[in-house]
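Engineer: okay, predicted coordinates and the sequence, questions at the end:
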Amino acid sequence: MTEQDPGVVYCSHFAANRANWDDRATLHEASGYGIAELLASPTALTKDVTDDLGRLGDISGLDVIHLQCHLGLDTISLARLGARRVVGLDMSPRSLERARELARRAEARIELVEANVYAAREVVTGDFDLVYTTLGVLCWLPDIDAWARVVACLLRPGGRLILRDDHPAFMAVGDDTSHGLTLHEPYFQRHEPMTWENEGSYVETPEGAAPIAHTRSHQWNHSVGEILTALLGAGLVLEEVSETRVSAWRRWPDLMGPCEEGYRFTDPAMRDMLPLQLVVVARRP
């Protein structure tokens, strides 16, 4: 890696995030995280993959890589859809340790690779028909242009990217909603990250579960324009850009409630006020 590579420039931030996600892996597994539902049936799929079935289409016989796979639940789901080869990549060794055990229990044929996403092309052999990455992924990456180049070089000609993530406008709104939805974080990317100290995660902490010990994490927000321009600059062709009114998690418990698609604002007047997810499909010519 060169001196300007994100893996070197931001190595201390990545080290803190890796430790934080090692702790999150334990907490997420203890919270349930949809694991029992996925293991209950050999045909069960995660909600994220189910939501993307129309975009995925028939992936039987295709080569798929799932970037930032965490516990590997979506990775297992992609294998269940008949992909020929499925690779899950994540930088957290504890996440992958748990993912390997879950894959064993699910009898899923997947490869799991420990690496920073920026090093994916260096550590994974072969080209892919699909790069899949969802949710809460881009905020952990400081250099969106470098990420887009990694995606492009993983894809063979005709291969696709499917990205589903929290909308950057959703990320810019603060956690404190006592005075309504107000902007607290940058919408546009900055060199210095947003740094957080938090003993919990985006799941409810089960009773008796140990809090996160490595509480510090670093995040970067990327505007929609930055994301799309990065993909275009990497040579990809955009096929879909859509925004949703639902979220995969209940960020503001006082304002949001469950619905069939995930979580949405309970006040109907608010449902058209803020995009909650961004979905992008792009293809390598």
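Structural biologist: Perfect, thanks for sending it. Numbering: from 1, shown residues only.
Engineer: now G54: which helix or strand?
Structural biologist: helix 53-56 (DSSP states H and E).
Engineer: okay, buried residues for the helix or strand containing G225 please.
Structural biologist: In the assignment (DSSP H and E), G225 maps to helix 224-233. By 16 or more other Cβ atoms under 10 Å, the buried positions in helix 224-233 come out as V224, E226, I227, L228, A230, L231. C-beta: built from backbone N, CA, C; applies to glycine.
Engineer: tell me the angle of the following helix or strand past that helix relative to helix 224-233?
Structural biologist: Counting by DSSP H and E, the next helix or strand C-terminal to helix 224-233 is strand 237-244. Angle of strand 237-244 versus helix 224-233, following axes from the mean of the first three to the mean of the last three Cα atoms, to 10 degrees, is 160 degrees.
Engineer: can you show me the CA trace of the helix or strand just after strand 237-244 as CSV?
Structural biologist: Heading C-terminal from strand 237-244, the first helix or strand you meet, by DSSP H and E, is strand 256-259. This file holds the C-alpha atoms of strand 256-259, laid out as CSV (Å, rounded to 0.1, in the frame of the first residue of the first chain):
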residue,chain,number,x,y,z
MET,A,256,-40.5,6.0,14.8
GLY,A,257,-42.4,2.7,14.9
PRO,A,258,-42.2,-0.7,13.2
CYS,A,259,-43.8,-1.3,9.9
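Engineer: so who does A210 touch?
Structural biologist: Listed by Cβ atoms under 8 Å, 6 or more residues apart in numbering, the contact set of A210 reads T26, L27.
Engineer: what's in contact with the helix holding G225?
Structural biologist: Applying Cβ under 8 Å, 6+ apart, the contact partners of helix 224-233 are 138, 144-145, 147-148, 151-152, 161, 163, 167-169, 188-189, 238, 241, 278, 280, 282.
Engineer: and the buried residues of helix 224-233, which is closest to G208?
Structural biologist: I227 (39.6 Å; Cβ to Cβ).
Engineer: ok, now how distant is the closest one from N116?
Structural biologist: When distance is defined by Cβ to Cβ, to the nearest Å, I227 is 19 Å away from N116.
Engineer: D166 now?
Structural biologist: 21 Å.
Engineer: repeat for A213
Structural biologist: Applying Cβ to Cβ, the value for A213 to N116 is 22 Å.
Engineer: more crowded one of those two?
Structural biologist: Remark: of A213 and N116, N116 carries more neighbours, 24 against 11, as counted by other Cβ atoms under 10 Å.
Engineer: for the lengthiest strand in the chain, what is the average pLDDT?
Structural biologist: Criterion DSSP state E: the longest strand present in the chain is strand 155-166. Mean per-residue pLDDT for strand 155-166: 98.
Engineer: what's that strand packed up against?
Structural biologist: Here strand 155-166 touches strand 128-134, strand 277-283, going by 3 or more Cβ pairs under 8 Å, 6 or more residues apart in numbering; DSSP states H and E.
Engineer: and the first one, which strands flank it?
Structural biologist: Looking back up the chat, that one is strand 128-134. Sheet pairing of strand 128-134 (DSSP bridges) gives strand 63-67 (parallel), strand 155-166 (parallel).
Engineer: same list (the ones you listed) but as CSV, adding mean neighbour count and distance to Y10.
Structural biologist: CSV is the format used below for those (neighbours: other Cβ atoms under 10 Å; distance: least, Cβ to Cβ, whole Å):
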stretch, mean neighbour count, distance to Y10
strand 63-67, 25, 17
strand 155-166, 19, 19
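Engineer: mind putting these in JSON lines, distance to Y33 included?
Structural biologist: Below are the strands paired with strand 128-134 laid out as JSON lines (distance: least, Cβ to Cβ, whole Å):
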{"stretch": "strand 63-67", "distance to Y33": "16"}
{"stretch": "strand 155-166", "distance to Y33": "17"}
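Engineer: okay, now the unreliable bits of the chain?
Structural biologist: Applying pLDDT under 70 to the chain picks out residues 1-4, 7-8.
Engineer: which parts of it are helices?
Structural biologist: Secondary structure of the chain by DSSP state H: the helices cover 6-9, 11-31, 35-39, 47-51, 53-56, 73-80, 93-106, 120-123, 144-154, 168-172, 224-233.
Engineer: need the contact partners of the third one.
Structural biologist: Translated: helix 35-39. Residues outside helix 35-39 that contact it (Cβ under 8 Å, 6+ apart) are E29, A44, L45, T46, L71, L73, I76, S77, L102, R105, A106.
Engineer: ok, 10 Å please
Structural biologist: Contacts with helix 35-39, where a contact means Cβ atoms under 10 Å, 6 or more residues apart in numbering, come from 28-29, 44-47, 49, 71-74, 76-77, 80, 98, 102, 105-108.
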